[in-house]
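Visitor: Fold the stuff below for me.
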Amino acid sequence: MKDSNFSTSRRRFLKSSALLTATLPFMRVYSSPLQESAKRTDSDMLFKAFRNPPVTARPFVRWWWNGDKLDAKEILRELDVLKEAGIGGVEINPIGFPGGDDLSIPSMEWLSPEWIEMVKVALKGAEERGMICDMLVGTGFPFGAETLTRDEQTQLMTLSSLKVEGPATITLDADDLFAKASPEIYSPHKDTLKEVYALCLAPVQMDTFAAPEWLTFDKNTNPIRITVPAGEHILYALIKLTGYQAVIFGAPGGSGPVLNHYDKTVVRNFLNRISDNLLPKLTGITGFRSMFCDSMELEGANWCNDLLAEFKRRKGYDVLPYLPFILVRVGHMGKPIKGGEITQLDGTAKEEIDRVRYDFFTTCVDLMNERFLGTYNEWCHRHGLKSRVQAYGREFHPLDASLLIDIPECESWEDFGNCGINKYVASAAHYTGKKIISCEELTNGSTFFNATLERLKLTGDMSNLSGVNHSILHGFNYSPLEVPFPGWVRYGSFLSERNLWWPWFKLFTAYKTRLSLVLQESEAFADIAVMHPLADMWALYGTQREPFPAQHPKYQYSVWDSIHKNGNSCDYTSEFIIRQSVVENGFLTYNSRKYHTLILVEVESIMPATAEKLANFVKKGGKLIFVGKEPYKSPGLKDYKKNDRKVAQTISTLKRTHSSRVFTVEAPGDDLIAWFKGVQQKCGIKPYMEIDQPNLYVNQIRQRTKDKDIFFVSNCNADKRFVLKAAFPESKGRAWLWDIETGERCLYPAAVGNTLTLDLPPAASQLIVFDTTAEDTPAPLLPAETQGTELQKWHLSMEHINGTTQKRNITALSDLSTDKTTRSFAGHLLYEQTIDSSESYNWLDLGKVYGISEVVLNGEKLGCHWYGRHLYRIPEHLAKAGKKTIQIKVTTTLGNYFKSNPQNNIGNSWAQWQEWYPMGVVGPVKLL
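Guide: Numbers count the residues shown, from 1 in each chain. Here you go, the predicted structure:
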């Protein structure tokens, strides 16, 4: 990468984007309640908004328009369903039909007049309901359409190879070469143009780089005949594929081949087709907030017609001699897969190839930024729209790309939590002062019909801990009620009014809304910056498929987690950010972000200018920590010997002259929490939250306003309770507990100054606010720690969704999925018991519950619990000794039923691979 050119173009792009946004008169702006109430005190504004959050804080849903089989009345009905459930907005997402009974409803073609009418219905309906609309650009993903000409279609340069021995004349079948180079991708396009771009011979073993011997052949003749000189060689065939990938889940009008994202003209024409056809028809209607671009998933695309020329212009040398050694056969989502025999590289040859690999992929990244991302951003702004983009994958720098976006977005998967990309995206938003950090949340690949509200909460909490404050829930299927149960299902976590837990879904959205409000209206705090060895990783493996990269090192994405769990906070950083930062008073400062400590995780390669900025940072009082390895070289091939010496000398000098502020620590082992606690002690890093026993499952973030210090603390373990002591030496005022579920607040229970005892039941979270202005409100009463009285014998009624009811008496509570006679159940479980107590009780603790619980005591409802500890307060008039009839209702998930029911093709196709999911009251149930 030419550092100066890269920095200049990036600064120019950021500046032009800001000017475009600032001068737009028609952009739909959603102001926050704090902006509208600037004359009130900060305390009044934030807490009042917390109690009654605006629509902008509510979660959105990805609204799959399945097959674009649309009807105006159904669109409005579904908007009503979503509004009632606490959803604030929708992302209209046209997508291919997922299968099932289509009720003979025809599909509307994307951008056709009738399809645009349905968009108008949705926009008008959302406006009338006080909801917000975004829209996916195109259909499915990535961008593409049946109308693309061959020159507009995506390109891939790949290869096939084999060992040959000469002297000999060898005959090659082009079709065989194509087959061996064919990418094993998710969504191949049938009409692919295949070309033998070049043939060459290279040594079987190479220690010092030597250019391959290029062979002449007639591209219009098949079979191909070549002459091989004496000896063993590796024969490489460079294969160029055009139009090799089809849009994944494309809907009619927007399916077909993927476009070439490396071609600015092609990208602009595609976007203009949308705006020319759609936007003029929307006059008089409140328009979209943003246009959305999903994650690229370009399945390895790496070529455009001028790539060789652009590479030479940017890097200063010809990449063609190196292509046989850096190209790979492409698998799913661009992942390299095993092909034929290749040259074994060693010594300086391997180092040279690694440097070229870095140059090649950073050229692709730069072209994608300039020709796709820049064009997309400019198009959105020209039409008064915000850009919302998942700017990551093999085609982007995972942090720097999101600097350019109005609403940067990441993703969290319901079945394994937040992804490594989240921290990159959130950090980019922090650097550029973006208020909204969006997330495709609850993406689900393995627990589809068994996604519980508790699991949704845990996933959402982990997203928020990584920096997210705006959830796009994944997702809500457009599906008429007439479609046989469970309806049209694309994927996600089955957010549907036909899900058994839907009546309680609004409790989850209320929780999400209040938490998002606080995070959006306060500033995320971080005092440490962390840089990962991206240059080294790209030199070895090429750019990675975020959010599922080949981690280098293996613990890469656990470092930030260990920092937070030890009471500090961090942002990720990049070489670009470091070089553009200002050093003053011992801090590395970029806009409003400032860090007293910079951690480089096994970084070996950095630009000389980056090394110089590190030296300046340390010289002026900052702390620099090298984990495992130290920088000693530069990335890229041009002038690398000179640049390597500069890096090595700069790092050596700063270590020698500022040894008290430069530390080299060992790489972590399995226990990263203990590792970072040791780093704190060795390097003199003071946590702002001093936790007596940092815990693998308890994490925190810190937010600040003018007069508040805010901490979100979460226990991500669904089974275990943790009690921790934590001191907050930097926080002023008294500690308050803001109840995220109810919108109320009280003084933190049993606080001793700024030292708190954090009692975190399973799946629990707390919003702790240190405030110097709030009025006194007493702390709530908590149950005493007693043995209590266990209740064991129950009458159980099982009301199945298929209309049947089973009744049984049980002497011991258990997980009903472990019993073959009950494991296929889905519906409502009714537990009932009558006791005659000789003493009074204040609490009913259900113990472990799988599902949503509701309790009725002597005919009076005590409430419900949808996650964590199922603990119910018994009203005073019912707490006295005497007869008590206890009724517990538990609502289950649908997965076990679908798993056991192959007759339901849609449900069973998702659930058949899943494990039997636990259900029911496991207990122990106790009166306390």
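
Visitor: Every contact and neighbour count from this point should use C-alpha atoms.
Guide: Fine.

Visitor: Contacts only, for the spatially closest residue to Gly144 that is not a sequence neighbour.
Guide: In this structure, Gly144 finds its nearest non-sequential neighbour in Val258, 4.0 Å apart by CA to CA, 6 or more residues apart in numbering. Residues near Val258 by CA atoms under 8 Å, 6 or more residues apart in numbering: Pro142, Phe143, Gly144, Ala145, Gln153, Thr154, Gly243, Gln245, Ala246, Val247.

Visitor: Over to Cys380?
Guide: Applying CA under 8 Å, 6+ apart, the residues near Cys380 are Ser290, Met291, Lys386, Ser387.

Visitor: Show me which pair in those residues is furthest apart.
Guide: Greatest spacing in the contacts of Cys380, by CA to CA: Met291 and Lys386 (6.5 Å).

Visitor: and Lys335, how many residues sit next to it?
Guide: A count of nearby residues for Lys335, using other CA atoms under 10 Å, gives 22.

Visitor: Need phi/psi at it.
Guide: phi -70, psi 130 (degrees, to the nearest 10).

Visitor: Also Trp843?
Guide: Torsion angles at Trp843 (phi, psi; degrees, to the nearest 10) stand at phi -140, psi 150.

Visitor: pretty sure it contacts Leu878?
Guide: No - using CA atoms under 8 Å, Trp843 makes no contact with Leu878, being 10.4 Å away.

Visitor: Can you flag which of the contacts of Cys380 belong to strands?
Guide: Those of the contacts of Cys380 mapping onto strands are Ser290, Met291, Lys386, Ser387, per DSSP state E.

Visitor: How about the third one: what's its closest non-neighbour residue?
Guide: In this case it means Lys386. Closest to Lys386 by CA to CA, 6+ apart is Ser290, at 4.3 Å.

Visitor: How confident was the prediction at that neighbour?
Guide: What the model reports for Ser290 is a pLDDT of 98.

Visitor: Pro113 now?
Guide: Listed pLDDT for Pro113 reads 98.

Visitor: helix, strand or coil for Ser273?
Guide: One correction, residue 273 is Arg, not Ser. Assigned by DSSP: H, G, I helix; E, B strand; the rest coil, the conformation of Arg273 is helix.

Visitor: how close does it get to Gly243?
Guide: For Arg273, the distance to Gly243 (CA to CA, to the nearest Å) stands at 20 Å.

Visitor: Neighbour count for these two, which is higher?
Guide: The neighbour count for Arg273 versus Gly243, taken as other CA under 10 Å, is higher for Gly243 (26 against 11).

Visitor: Which of the ones in strands among the contacts of Cys380 are buried, as a PyMOL select command?
Guide: Buried members of those, defined by 16 or more other CA atoms under 10 Å, are picked up in PyMOL with:
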select buried, resi 290+291+386+387
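
Visitor: what residues are up against the closest residue to Leu927 other than its chain neighbours?
Guide: Ranked by CA to CA, 6+ apart and with sequence neighbours excluded, the top spatial neighbour of Leu927 is Leu844, at 4.7 Å. By CA under 8 Å, 6+ apart, Leu844 lies in contact with Leu871, Tyr872, Arg873, Ile874, Val925, Lys926, Leu927, Leu928.

Visitor: Repeat the analysis, applying 7 Å as the threshold.
Guide: Remark: with contacts taken as CA atoms under 7 Å, 6 or more residues apart in numbering, Leu844 is in contact with Leu871, Tyr872, Arg873, Ile874, Lys926, Leu927, Leu928.

Visitor: can you give me the mean pLDDT across the strand or helix carrying Cys380?
Guide: Using DSSP states H and E, Cys380 sits in helix 374-382. In this model, helix 374-382 carries a mean pLDDT of 98.

Visitor: One more: stretch 219-226?
Guide: For stretch 219-226, the per-residue pLDDT averages 95.

Visitor: likewise stretch 89-98?
Guide: Computed over stretch 89-98, the average pLDDT equals 98.

Visitor: buried set for it?
Guide: Buried-residue list, stretch 89-98, by 16+ other CA under 10 Å: Gly89, Val90, Glu91, Ile92, Asn93, Pro94, Ile95, Gly96, Phe97.

Visitor: And stretch 125-135, by the same measure?
Guide: For stretch 125-135, a neighbour-count test (16+ other CA under 10 Å) marks Gly125, Ala126, Glu127, Met131, Ile132, Cys133, Asp134, Met135 as buried.

Visitor: Please apply the same query to stretch 201-219.
Guide: Leu201, Ala202, Pro203, Val204, Met206, Phe209, Pro212.

Visitor: on that earlier part again, got JSON lines for the ones in strands among the contacts of Cys380, with distance to Pro902 too?
Guide: Listed next are those as JSON lines, based on distance: CA to CA, whole Å:
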{"residue": "Ser290", "distance to Pro902": "41"}
{"residue": "Met291", "distance to Pro902": "40"}
{"residue": "Lys386", "distance to Pro902": "45"}
{"residue": "Ser387", "distance to Pro902": "43"}
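
Visitor: Just the element for the most centrally placed residue in the chain, please.
Guide: With distances taken as CA atoms, centre = their mean, Glu411 lies nearest the centre of the chain, 1.8 Å away. Here Glu411 sits within strand 407-413, counting by DSSP H and E.

Visitor: Can you tell me what sits against that strand?
Guide: Counting by CA under 7 Å, 6+ apart, 387-390, 402, 418-419, 421-422, 425, 429, 436-444, 459, 463 sit against strand 407-413.

Visitor: hmm, 8 Å instead?
Guide: In contact with strand 407-413 (CA under 8 Å, 6+ apart) are residues 386-391, 402, 418-419, 421-422, 425-426, 429, 434, 436-445, 459-460, 463, 547.

Visitor: How about stretch 600-610?
Guide: Residues contacting stretch 600-610 (CA under 8 Å, 6+ apart): 3, 530-533, 535-536, 553, 556, 575, 578-579, 624-635, 643-644, 646-647, 667.

Visitor: Ok, stretch 142-155 next?
Guide: Counting by CA under 8 Å, 6+ apart, 137-138, 240-248, 253-261, 263, 266, 294-298, 301-304 sit against stretch 142-155.

Visitor: And the buried ones among the residues you listed, selectable in ChimeraX?
Guide: Provided next is the ChimeraX selection string for whichever of the contacts of stretch 142-155 are buried by 16+ other CA under 10 Å:
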select :137,138,240,241,242,243,244,245,246,247,248,253,254,255,256,257,258,259,260,261,263,266,294,295,296,297,298,301,302,303,304
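
Visitor: Now go through the contacts of stretch 142-155 and say which are in strands.
Guide: When DSSP E defines the strands, the subset of the contacts of stretch 142-155 inside them is Lys240, Leu241, Thr242.

Visitor: show me what contacts the second one?
Guide: It stands for Leu241. Gln155, Leu156, Met157, Thr158, Thr192, Leu193, Lys194, Glu195.

Visitor: Select only the buried ones of these in PyMOL?
Guide: Applying 16+ other CA under 10 Å to these, the buried members can be selected in PyMOL as follows:
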select buried, resi 155+156+157+158+192+194+195
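
Visitor: I'd like the contacts of Leu241 as TSV, with secondary structure appended.
Guide: Output for the contacts of Leu241, formatted as TSV (three-state DSSP):
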residue	secondary structure
Gln155	strand
Leu156	strand
Met157	strand
Thr158	strand
Thr192	coil
Leu193	strand
Lys194	strand
Glu195	strand
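
Visitor: could the contacts of Leu241 go into TSV alongside pLDDT and distance to Lys889?
Guide: Formatted as TSV, those follow (pLDDT from 0 to 100; distance: CA to CA, whole Å):
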residue	pLDDT	distance to Lys889
Gln155	98	57
Leu156	98	57
Met157	98	60
Thr158	98	59
Thr192	98	57
Leu193	98	61
Lys194	98	62
Glu195	98	65
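
Visitor: Identify, from the contacts of Leu241, the entry nearest to Arg313.
Guide: Arg313 has its nearest neighbour among those in Met157, at 19.6 Å by CA to CA.

Visitor: Looks like the closest one contacts Glu299 (just checking).
Guide: No - the criterion here is CA under 8 Å, and Met157 misses it with Glu299 at 11.8 Å.

Visitor: same for the one helix or strand Leu473 maps to, what does it pack against?
Guide: Following DSSP H and E, one finds Leu473 within strand 470-477. In terms of contacts (3 or more CA pairs under 8 Å, 6 or more residues apart in numbering; DSSP states H and E), strand 470-477 is packed against strand 60-66, strand 438-443.
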